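**Student:** turn this into a structure:
(2 chains)
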Amino acid sequence: MTTKELAGTTVDVDAEGFLTDHTVWNLDLAAAIAIEEGIDPLTDRHVEVLNFMRKEFEENGTAPSIRKMNKLNIVPTKELYALFPGGPAKKAAKIAGLGKPQGCI
Amino acid sequence: MSEQPEPIKKVSLIVSKGSLVDVYPALVMGNGARMEGMEASIFFTFFGLGALIKKTQNSLKVATVGNPAMNMAMPMLKMPITMPFPTLLGAIPGVSNFATWMMKNEMENLDIPTIPEFLEMFTDAGGEVFACKLAMDMFKLTKDDLCDQVSSVLTVGEFYERSAGASIIFT
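**Tutor:** Numbering: from 1, shown residues only, chains lettered A, B, ... in the order given. Presented below is the predicted three-dimensional model:
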């Protein structure tokens, strides 16, 4: 485990830069991680998706799948790929302060 | 000093067989490639085309004959994985239907979409679906027989052109 300077605070991250404690997350941290992932600025629409992912994570212990977010009309798959280009599930989970997604779908 | 291997940027998958378990791996691998930010396409040829035909894509079956590894499915019936499944048993009418039903249930539990939904998810993710021209001619099919997710019908040469720079994977 290493530490990292993000948005003026020091946070614990794993080898790939995912926060190890999702409870320290806030919007400033999210914006700082998003910039590292090439997403700037973080829009309200991004934040809606991130908040849903965090809520699911707190309820079920895992981040929701792309399929689930599409089926529940949270965000259509096409839009999700446009919001988080180049690896939506992984990038969105990282910016949401959650661990690396474990699913294959 | 060994150099860091170059990450994979593009994959082209080929599906040439048409049972349920022949089609799923390519969809999982192709969709997974898009999730990792790679370019991905799937080329359906020969019996693989069944997954793209509107009239058949919902009724792909698990083959229960000639598969010496059918014992792998036994835990779905709460039986040991070592229990043999003789191929003659698989030939009894209804057994393939039952195995297909069981497999589909198991997949839904694992949040794996049906074939038509998976094709939609893959193309929404930016993946491309191609059909093989030669196989279309052989099976007397036209583009109208195929689902909307098919972007083009390609010759082998065109498939290779589109696959420039890709890792080609035959499933």
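
**Student:** which residues of chain B score low on pLDDT?
**Tutor:** B:1-2 (pLDDT under 70).

**Student:** ranges for the helices of it?
**Tutor:** Here chain B has its helices, by DSSP state H, at B:20-35, B:87-90, B:95-109, B:115-124, B:133-138, B:156-162.

**Student:** who touches the shortest one?
**Tutor:** To tie it back to what came earlier, the one meant is helix B:87-90. Contacts to helix B:87-90, defined as CB atoms under 8 Å, 6 or more residues apart in numbering or on different chains, come from residues B:63-68, B:70, B:95-96, B:99. Glycine gets a C-beta too; all of them are placed from N, C-alpha and C.

**Student:** same thing with the last one?
**Tutor:** Outside of helix B:156-162, the residues within contact range by CB under 8 Å, 6+ apart are B:12, B:41, B:43, B:128, B:130, B:132, B:134, B:152, B:154.

**Student:** wait, what's in contact with the closest residue to B:Ser163 other than its chain neighbours?
**Tutor:** Nearest residue to B:Ser163, sequence neighbours excluded (CB to CB, 6 or more residues apart in numbering or on different chains): B:Ser12, at 4.0 Å. By CB under 8 Å, 6+ apart, the contact set of B:Ser12 is B:40-43, B:159, B:162-163, B:166-169.

**Student:** could the helices of chain B be laid out in CSV, adding distance to A:Phe52 and mean neighbour count?
**Tutor:** CSV is the format used below for those (distance: least, CB to CB, whole Å; neighbours: other CB atoms under 10 Å in any protein chain shown):
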stretch, distance to A:Phe52, mean neighbour count
helix B:20-35, 18, 21
helix B:87-90, 44, 12
helix B:95-109, 22, 15
helix B:115-124, 18, 20
helix B:133-138, 42, 15
helix B:156-162, 36, 14
